[in-house]
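Visitor: using only what follows, build the 3D model:
(one chain, ligands or ions: 1)
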Amino acid sequence: MDDYLEQILHLIKEKGYARPVDISRRLSISQASVTNMLQRLDSEGLVKHEKYRGTVLTKEGEQIAQAIMDRHELLTEFLRLFGIDEETIYRDVEGMEHHVSRATLNALRAVTETLRETPDFRERVLKRLGE
Ligand code: ZN
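Guide: Residues are numbered from 1 along each chain as shown. Sure, this is the predicted structure:
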């Protein structure tokens with residue numbers, strides 16, 4: 001469900017709307033499954049269907065999607081500090097983001113901020129990684 005909300009928000013930010021065909025392509029899931037999931041999200045009040053715009057997020061859906069996206073960005077930012085290639089980062093983040101607890105996320109945020117504020121410490125970590 002998180003993946004759906006995340007992709008819907010991505011699509012809306014990119015194109016202004018989210019069509020089932022685009023969602024199914026992004027998630028490599030059949031259009032029938034997408035339609036089912038959209039109905040579920042609709043019944044939970046997280047998305048609604050608008051005649052000319054397609055699927056849009058409700059206010060509550062948008063809040064949840066935004067939190068999912070923030071988490072995605074934090075994990076991406078964290079991994080970028082170590083010079084890992086973007087493709088690996090994306091794959092890892094997509095795997096990690098649904099399993100990571102709030103406590104771990106807070107710890108990673110603190111480490112990310114500290115590494116950013118302490119370039120020489122980051123250099124030491126990178127050096128060790130390169131050894
Ligand atoms: Zn993600």
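Visitor: under the pLDDT cut-off, which ranges of the chain? List them.
Guide: Within the chain, not a single segment meets pLDDT under 70.
Visitor: residue 121: neighbour count?
Guide: Neighbour count of residue 121, defined by other Cβ atoms under 10 Å: 11. Using the backbone N, CA and C atoms, a C-beta is placed for each residue, glycine as well.
Visitor: so which strand or helix has it?
Guide: Per DSSP states H and E, residue 121 falls inside helix 119-130.
Visitor: quick check: buried residues in that helix?
Guide: Buried residues in helix 119-130, defined by neighbour count with 16 or more other Cβ atoms under 10 Å: residue 122.
Visitor: and the contacts of that helix?
Guide: For helix 119-130, contacts defined as Cβ atoms under 8 Å, 6 or more residues apart in numbering pick out 81, 82, 83, 114, 115, 116.
Visitor: which strands and helices sit next to the helix or strand hosting residue 79?
Guide: Residue 79 is part of helix 59-80 when elements are defined by DSSP H and E. In this structure, helix 59-80 packs against helix 2-15, helix 86-96, helix 102-117, with contacts taken as 3 or more Cβ pairs under 8 Å, 6 or more residues apart in numbering; DSSP states H and E.
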